[in-house]
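Participant: model this:
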Amino acid sequence: MYKLQFECLACGASNDNLGLDAGNQPVAAHFQSTAEERADEYPLRLGICDTCATVQLVPPFPAEALVPQVSWLKYREPEDHLDGLVDDLVEGTDFGPQSVVIGVSFKDQSTVERLSARGAGRCLCLDVVADLGSRTPAAGVESVPVLLNADRARQLAGTRGPADIVVARHVLEHAGRPAVFIDALSALLRDGGYLVIEVPDCSKNIAREEYAMIWEEHALYFTEPTFRSFLARHGFEPVTFTTYPYSFEDVFVAIVRKTGRGGSGEGDGVAAANLEAGQDAFRHYCERFPHWSRSLRARIETLSGGVPAAVFGAGHLSAAFLNFHGLSDLFGFVVDDTPEKQGLYLPNSGLQIVPGTRLAESGAKLCLLGLSPQSEEKVIAKNQAFTAAGGRFYSLLADSGRSIRSVSVADS
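Facilitator: Have a look, this model is predicted:
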């Protein structure tokens, strides 16, 4: 536990409480060219607001540090629920051929296309360079909350809208100044227009003590009460609120209506019971971090049989697992078949990224899967030579049926 003094990103309240300190950490996507090269590091600390119970980075990583250094990185969000989401939007609002739909990032393209197919009048997604003024073509969703403020939104509404529907999937959690960003989304809308906003649910990962949930690109970690409260404080009334279940983390999708007024009393705070429950769960999450760092090391040492292990997936889940818990010394390399990643090094781990063909040849006895549980079967099927040679796959994630946490060993 670490003593934190901070102003809440979500509600502005002053805080002086305890949180989690994961030490200085690199940006997971800042791959290195050599084992010796070091990426810039920043303090990674997680706190909770005493007033609104929103979990958050204290402070967020500098926005400029999060801009991708390469153009080939691709981030994908779950989309199995989008047909149902569009049904709710079409049936639960005044959607029609007159509707102007604006998506605020590339993540909204597939939703906007569905709405266009259902008969929306005019549909578009904002471009981070042409519409938001980024000078970096590689800029992605991390830059949208920085560049899109209320003044720019009003300018865009004057030329493109105002919108009847604004779609913002998986971008609010990136906002270091969420009040500024949500006000910008409101400014894109006509009065009475609808905002479709989607964020990850952190509650299950906090409950299962999953620390790979923490990502330097996510400044905010919402639960249902804190997400509802945040939207109400900024003048939106609920139309529908749905939780869609996924492995690793569920997603919240709120369809809310712009009321033209700020939150005022009833409905815009977190109930006392929810506030206390959220704080208790977060405190336990922080307290258990040292235990899992020790326990995971013991499990890896036992399963690897003294041979350097491998990790599959050169993404932020693997980087968080290795760097937060200080486990890189137990591993020999990272497996990832993305062509552009070959030969690079996972930031500040000293571990080179190699193709899957190296796995069976390495003599490793253990490979940890650092990818979503729904992808595990496909990866294992492609690497049968590794298992035929006596290698074993486990997942580094707590919610996987193959989780390394299921292995019983004596904790150090």
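
Participant: How about the contacts made by the spatially most central residue of the chain?
Facilitator: Centroid-nearest residue in the chain: residue 218, 5.3 Å away (criterion: C-alpha atoms, centre = their mean). Residues counted as contacts of residue 218 (C-beta atoms under 8 Å, 6 or more residues apart in numbering) are 57, 173, 174, 200. (Each C-beta comes from the backbone N, C-alpha and C, glycine too.)

Participant: so where is the stretch 151-300 of the chain shaky, pLDDT-wise?
Facilitator: Applying pLDDT under 70 to the stretch 151-300 of the chain flags the ranges 261-268.

Participant: all strands in it, in order from the N-terminus.
Facilitator: Taking DSSP state E, counting those that start in this stretch as the test, the strands found in the stretch 151-300 of the chain are 163-169, 189-200, 220-221, 236-244, 251-258.

Participant: ok, residues contacting the longest one?
Facilitator: For strand 189-200, the surrounding residues in contact (C-beta under 8 Å, 6+ apart) are 77, 85, 89, 93, 111, 157, 161-170, 172-173, 185-186, 218, 220-222, 227, 231, 236, 239, 249-258, 260.

Participant: among those residues, which ones are buried?
Facilitator: Buried by 16 or more other C-beta atoms under 10 Å: 85, 89, 93, 111, 157, 161-170, 172-173, 185-186, 218, 220-222, 227, 231, 236, 239, 249-258, out of these.

Participant: how far away is residue 301 from residue 198?
Facilitator: The gap separating residue 301 from residue 198 is 40 Å, by C-beta to C-beta, to the nearest Å.

Participant: out of these two, which sits in the more crowded spot?
Facilitator: More neighbours surround residue 198 than the other of residue 301 and residue 198, with 26 against 16 (other C-beta atoms under 10 Å).

Participant: wait, what's in contact with the residue lying closest to that one once chain neighbours are set aside?
Facilitator: Spatial nearest neighbour of residue 198, excluding adjacent residues (C-beta to C-beta, 6 or more residues apart in numbering): residue 169 at 4.3 Å. Contacts here follow C-beta under 8 Å, 6+ apart; on that basis residue 169 touches 77, 103, 105, 107, 108, 111, 196, 197, 198.

Participant: how does it look with 6 Å?
Facilitator: Residue 169 is in contact with 107, 108, 198, counting by C-beta atoms under 6 Å, 6 or more residues apart in numbering.

Participant: swap in residue 86?
Facilitator: By C-beta under 6 Å, 6+ apart, residue 86 lies in contact with residue 114.

Participant: for the helix or strand where it lies, which positions count as buried?
Facilitator: According to DSSP states H and E, residue 86 maps onto helix 82-92. For helix 82-92, the neighbour count (16+ other C-beta under 10 Å) marks 82, 85, 86, 88, 89, 90 as buried.

Participant: Closest to residue 50 out of the residues you listed?
Facilitator: Set against residue 50, the nearest of these by C-beta to C-beta is residue 85 (33.6 Å).

Participant: give the contact list for that closest one.
Facilitator: Contacts of residue 85 (C-beta under 6 Å, 6+ apart): residue 253.

Participant: cool, and residue 108?
Facilitator: By C-beta under 6 Å, 6+ apart, the contact set of residue 108 is 125, 167, 169.

Participant: quick one, helices of the stretch 151-300 of the chain?
Facilitator: 178-188, 203-207, 224-233, 272-287, 289-304 (DSSP state H, counting those that start in this stretch).

Participant: what does the last one rub up against?
Facilitator: Read it as helix 289-304. Residues outside helix 289-304 that contact it (C-beta under 6 Å, 6+ apart) are 20, 309, 325, 330, 365, 366, 404, 407, 409, 411, 412.

Participant: Start and end of stretch 66-83, how far apart?
Facilitator: End-to-end distance for stretch 66-83, by C-alpha to C-alpha, to the nearest Å: 31 Å.

Participant: Pull the residues that contact that stretch.
Facilitator: Against stretch 66-83 from outside (C-beta under 6 Å, 6+ apart): 29, 107, 110-111, 136, 138-140, 142, 170, 217, 244, 246, 340.

Participant: how about a cut-off of 8 Å?
Facilitator: By C-beta under 8 Å, 6+ apart, the list of residues contacting stretch 66-83 reads 27, 29-31, 107, 110-111, 114, 136-143, 169-170, 198, 216-217, 242, 244, 246, 251, 253, 340.

Participant: hmm, back to that, pipe the contacts of residue 218 into JSON lines and attach distance to residue 280 per row.
Facilitator: Shown next, in JSON lines, are those (distance: C-beta to C-beta, whole Å):
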{"residue": "57", "distance to residue 280": "21"}
{"residue": "173", "distance to residue 280": "22"}
{"residue": "174", "distance to residue 280": "27"}
{"residue": "200", "distance to residue 280": "21"}
